[in-house]
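Student: Got a sequence here, can you model it:
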Amino acid sequence: MAQPTPTDTPRRPQSASQQAGGPMLGLAQQRAALRKTIPAHTVQTASPLAFLKRHCSLPELSSCEYEGLLAYVITELKERELLKDSEWPATKIDSRTEGAIFKQLEPIIATIGDICLLWDDKDQKLNDRTTTFECDGSNTTNSEVPGSSFMVDAQFILLDRCTPPSNVAESENDKADTVDISPAEFKKDVKDRADNEIKIASAANHTLFNDYSRRFVLGFTIEGVEMRFWYFSRSHIAVSPAFDYHQEPELFVRFVIFMTFADRIDLGYDPTVIRIRDADNNIRYQFEVNGKFYLTESFIAESGANDIVTRATRVWSVREYDPVTGMFIGLDSVVLKDVWLFSDSEGEKKIFDDIFSALKNLDDQLAAGKDHRELGMDDVAVTFTRGNVQYCDAAPAPETGYTPFTYAPEKKSRAAVLGKVPGSLRAEVGKNEAPPVVEESKESPPTPIHDHPERTHRRIVFRDRCSTLYSLVDYADYALAMVQVIQALNFLRLAGYVHRDISPGNCLYIRDSSEVIQIKISDLEYARPYSRESSHTVPITGTPGFMAVESQCLRHLFIPESIAPPPEQFIYRGGKSTFCGPAITETEEVPDWFRFNFLHDIESALWLFCWFLFNRLPSSLLGNVSRAQCESIAKVARKLFGTSLDPPAMRRSFIGGFEASCTYPEVHKLLKSYYQQDTQHGLTILNGLIAFKSIIRFYKEVESATPIRTAQSFMWAPKEFRPAYYRELQGIFYRMSGPLNGSNLSAVPIHLFDPLKRAADTLAADDEDDGEEVRPNKRARTEPRRYERAVTPPSPTRRREKAISVTPRFGY
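Tutor: Reported below is the predicted structural model:
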């Protein structure tokens, strides 16, 4: 067994501005974006007591014991005159500052803990104190990653810290760690409610993002005399109705008792994740998966965790580890993925097996894919044991009786309208992961979600280590990658599955012994049979910058006017139609409908190529393209690739459906003005764009057919999605790859075309890719993710000029 060495670090410190290739986005901008995502996921409980019984109950106390303890504490507080005439005199609103007023909560909460220990002196039913309360809004929390620190007015802090003490910066050990706190926010005036709401949500977002072991976050806010409790999880956000904590002190006391004596599991911590400091003072993470332990070596991706209600996909390179001896087991690194999936979702391994089972009968050679998948996929639910009972970790759905919650209107500020950004930033992002981007176009808030399904916490271990298409920088390789991606999508079609989240982060590649790339389509949690109806009210899934425009619009754009209203209107919004013939009567109303289909996966694949053209330029142009010219490309890229689920206007008109204002010629002309400077290969590279003309034609042909009526809506018959579509697109990219074969033409990240930035990068001696790329991040419920076992198309032959032999043999 090998001992961990200081070089095996989970990540190297790097500022957010270095990683993103530009200045770090302001806190106000981050909060403005967060405000647009959280309303759709927030519910209000029936009462403050209902909140406490749901989220803040001590399992070691019976209901009678809890009520007895509560009565004892209230009596003692009154005798000590901390609570007098239904009022907390020390926190009465007066001319003092907010900090001075609410600082008095410190001794009150400490005294409540002391009284509880007096009550428990004989029975010893309560745990030891697990937290202490501090109220100092001037201190910034420590963070394991620069850029994830923040300030809150107050916090409950774990007494037994999650992070081992630093052996370098002793002064940092005196500050609260982001991973150790539960936040609170105070305001003297109820008019400042909106500020409190976004601050506590932002603090919870930072905490969940920064802390790998945090399952949920609890907190509270006070505006004047009104208090509310908050719960932030991967399934939903819950808030209690406001109550006067002077008039109803027992509610506040009950919350304090819980926060003071609850164990780590009840406070939202995952006992299967442990932080370890190595000899080089770096934080590592020990994960337990199915009885085995893995220690992180390097960080791969986690932008899927940059919102609160989300799958929170995170990926690391890890090695099996013996926590007793402190030694690695074996020499090989594996990939560990941590994710929160809807509880009714099939596991990724089962989906993978089902796909290959469906394909097995088509051809014996295709069945050989089984050999690849059995290299190792350990897909298990996260479980932990309390006493003699084993629990499956889950983010439960809201309790019954909840109502929609309306956030207070925000005060307008310049930062609030600058654009959408991810809710929080991770300073150290994997090389293959998308940094945040400011979206220029103005987008409407998301439609509120009407259900909040339970999510189950799962971990998956993969033996193959791959790279994402974000890291591919060779034009010939990228063209062959596109051939294989489309081929893999055809395999999914043959199996009857749609992927629903094609992005560069989900298209992985490895190189065989001949250095030829082999593509694997990963992240199958959202893959489902095309014929299956959606079980949730929000069918939008995917990475916004790479989603099909129809999927973003939730409408089919190419249905002919002869059988549908014009595309400028949302089709079938309660209107009458007979486009399905005798299946619908003349008086029957056709419900809203949208069905994700195979063409939407293909369109997502084409956006991969378009993204590559905008964010990479031929190395032959290095030194000939100015910063201003690069910015003109970046400006258009921001209009095509963003973080919003609603497609920007340029993106909608680029793909079609609004042909009178189609922006395809404009985009092609812009790219041509640069690529044609490479007289040998530039125009060859741009030939791949004609695939968009093909996909528009495919849409028109399919949507001109008569849909089939299903139990809930409509769909086009699978036979309408012709094998010839895949052959045509593969041919486009294969013909593009031919002239590039052997050219050694590399693709350079666009920011490196700025001479000043190249000089700065050289002086920094930083070999990391820190470019200003427009890489769309995931939103809540739509997260970029990274390493899964995959649908694996056969590799191309070694001689690239014969690579067209990878054209799928099946289904033609």
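Student: Can you spell out which helices and strands pack onto the helix or strand residue 316 falls within?
Tutor: Per DSSP states H and E: residue 316 is located in strand 314-322. The contact analysis (3 or more C-beta pairs under 8 Å, 6 or more residues apart in numbering; DSSP states H and E) places strand 314-322 against strand 283-289, strand 292-301, strand 327-328, strand 334-342. The way it works is simple: take the backbone N, C-alpha and C, and place the C-beta from them, glycine included.
Student: could you redo the last one with a cut-off of 10 Å?
Tutor: strand 283-289, strand 292-301, strand 327-328, strand 334-342, strand 455-462 (3 or more C-beta pairs under 10 Å, 6 or more residues apart in numbering; DSSP states H and E).
Student: next SSE after the helix or strand bottoming out on mean pLDDT in the chain?
Tutor: When the helices and strands of the chain are compared on mean pLDDT, DSSP states H and E, helix 16-20 comes out lowest with a mean of 30. On the C-terminal side of helix 16-20, the closest following helix or strand by DSSP H and E is helix 27-37.
Student: If we go by neighbour counts, what in that next one is buried?
Tutor: By neighbour count on 16 or more other C-beta atoms under 10 Å, the buried set for helix 27-37 is 29-37.
Student: For residue 87, see how far away the closest residue to residue 740 other than its chain neighbours is.
Tutor: Here the nearest residue to residue 740 in space, its sequence neighbours aside, is residue 476; by C-beta to C-beta, 6 or more residues apart in numbering that works out to 4.0 Å. Residue 476 sits 76 Å away from residue 87 when distances are taken as C-beta to C-beta, to the nearest Å.
Student: Tabulate the helices and strands packed on strand 314-322 in a markdown table, adding columns for mean pLDDT.
Tutor: Rendered in a markdown table, the data for the helices and strands packed on strand 314-322 read as follows (pLDDT from 0 to 100):
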| stretch | mean pLDDT |
| --- | --- |
| strand 283-289 | 91 |
| strand 292-301 | 88 |
| strand 327-328 | 90 |
| strand 334-342 | 90 |
| strand 455-462 | 91 |
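Student: is it possible to export those to TSV including mean neighbour count and distance to residue 355?
Tutor: Written out in TSV, the entries for these read as follows (neighbours: other C-beta atoms under 10 Å; distance: least, C-beta to C-beta, whole Å):
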stretch	mean neighbour count	distance to residue 355
strand 283-289	20	23
strand 292-301	22	23
strand 327-328	18	34
strand 334-342	23	17
strand 455-462	22	16
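Student: of all the ones you listed, which lies closest to residue 471?
Tutor: strand 292-301 (11.0 Å; C-beta to C-beta).
Student: could you point out the longest helix in the chain?
Tutor: Using DSSP state H to define each element, the chain has its longest helix at helix 475-495.
Student: What's the first helix or strand after that one?
Tutor: Sequence-wise, the next helix or strand beyond helix 475-495 is strand 497-498, with elements assigned using DSSP H and E.
Student: Mind listing the strands that following strand pairs with, and their directions?
Tutor: For strand 497-498, the paired strands and their directions (DSSP bridges) read strand 528-529 (antiparallel).
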